[in-house]
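Chemist: missing the sequence, but the structure's below:
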């Protein structure tokens, strides 16, 4: 894996820059445009394009050299950062900048549609088969690290030089990430092209014909179902129920990112020592149960510990799923299979977050947390019963 150092650094820069753009759209809409509606629309535009474009991204990752797709995706992010900067610097009235913010959010959504499957496909091509599983764990760790560094980088840039510095640094990260890929050699794996719909269908047939890959994708759906409720319900829990101060709420919510990273690091040490399939089920089950326990947490310290445990278990489950998909996806349809995973990571949290918001509105935040956690735990038990291939999957 040492030869992949430039690629891994490029990943860290790109994912940090991507989350800087995401959070910039949301925070800028809330604080500068003073509109929660625009923040919500921006969030939707950042994450809804993969629902449609993600399928086409997978086809292109097999048809073309995936490194070309990475450059295209990072170009979309650079356009997004540029639009945010242009709107901020050239439009005098803040409320007139909404079009720039929403258009930037759309370009960020385009970037997310293509960058994750392209980078995952590239990783499989530049790694030795014996190193691929561990390389996948490192990749997923960098994804989570970028998720944690994005908002931190925004805070530092704003403190030093305001919003223009945020947009400039995000663009610089993407340019630097692309420059690091100049020496990375990739190849197209699918030479005989059919129509896009036929090639998408071919990818779906490949998944249906591989029980382990199909069950890993299904488990990814259930694992990412918890991300939406955490993003929607935890801020309300922190302020309305646990009475955190503004600083305390930030620290509480900030527990999630390092916990996910710790879970990813833990996987590097346990992946060859534990049965991977059973570990995924166990991590999913206990993350659901511990999340449900947040509904009765009365003390802030208890809530922090429970959230940290949920994050660690989530990091373990997701890391093992990514490693399994990379290892067992068929080479000629790898891009299409991995695009299905990235669609799941973008769309499922948004949908489950919406459902959690509705549940919280009707039943209260604590009741919503209890129901969401119990549903995930129940699915883990049910899936363990019928997913025989994943249950038997040792991974080593």
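Modeler: Arrived safely, thanks for sending. All figures in this text were calculated on a predicted structure; none of them were measured in a lab.

Chemist: CA only for contacts and neighbour counts going forward, please
Modeler: Noted.

Chemist: Can you name the next helix or strand after the worst-scoring helix or strand of the chain on mean pLDDT?
Modeler: Lowest by mean pLDDT, DSSP states H and E among the helices and strands of the chain is helix 246-253, with a mean of 71. Downstream of helix 246-253, the first helix or strand assigned by DSSP states H and E is helix 256-270.

Chemist: per-residue pLDDT, the residue nearest to residue 393 when sequence neighbours are not counted?
Modeler: Leaving aside its sequence neighbours, residue 393 sits nearest to residue 277 (C-alpha to C-alpha, 6 or more residues apart in numbering; 4.9 Å). For residue 277, the pLDDT comes out at 94.

Chemist: Can you give me every residue that contacts residue 277?
Modeler: Residue 277 is in contact with 390-395, counting by C-alpha atoms under 8 Å, 6 or more residues apart in numbering.

Chemist: from the residues you listed, which would you call buried?
Modeler: For the contacts of residue 277, a neighbour count by 16 or more other C-alpha atoms under 10 Å gives the buried set as 390-391, 394-395.

Chemist: Take these and write them to CSV, including distance to residue 260, pLDDT and secondary structure.
Modeler: As requested, the buried ones among the contacts of residue 277 are exported to CSV (distance: C-alpha to C-alpha, whole Å; pLDDT from 0 to 100; DSSP: H, G, I helix; E, B strand; the rest coil):
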residue, distance to residue 260, pLDDT, secondary structure
390, 22, 95, helix
391, 23, 94, helix
394, 22, 88, coil
395, 21, 79, coil
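
Chemist: biggest separation within these, which pair?
Modeler: 391 and 395 (10.8 Å; C-alpha to C-alpha).

Chemist: Using the centroid of this protein, identify the residue furthest from it.
Modeler: No residue in the chain has its C-alpha farther from the mean C-alpha position than residue 92, which lies at 34.5 Å (C-alpha atoms, centre = their mean).

Chemist: Of all residues in this protein, which one is nearest the centre?
Modeler: By C-alpha atoms, centre = their mean, the most central residue of the chain is residue 345, 5.3 Å off.

Chemist: what separates that one from residue 217, distance-wise?
Modeler: 10 Å (C-alpha to C-alpha, to the nearest Å).

Chemist: can you check residue 286 too?
Modeler: Residue 286 is 19 Å from residue 217, by C-alpha to C-alpha.

Chemist: which residues of the stretch 251-396 of the chain score low on pLDDT?
Modeler: Across the stretch 251-396 of the chain, the ranges flagged by pLDDT under 70 are 396.

Chemist: Could you pull out the helices in it for me?
Modeler: 256-270, 276-293, 300-328, 334-363, 365-386, 388-392 (DSSP state H, counting those that start in this stretch).

Chemist: Quick check: which helices or strands does the third one pack against?
Modeler: To tie it back to what came earlier, the one meant is helix 300-328. Applying 3 or more C-alpha pairs under 8 Å, 6 or more residues apart in numbering; DSSP states H and E, one finds that helix 300-328 contacts helix 132-179, helix 211-224, helix 256-270, helix 276-293, helix 334-363.
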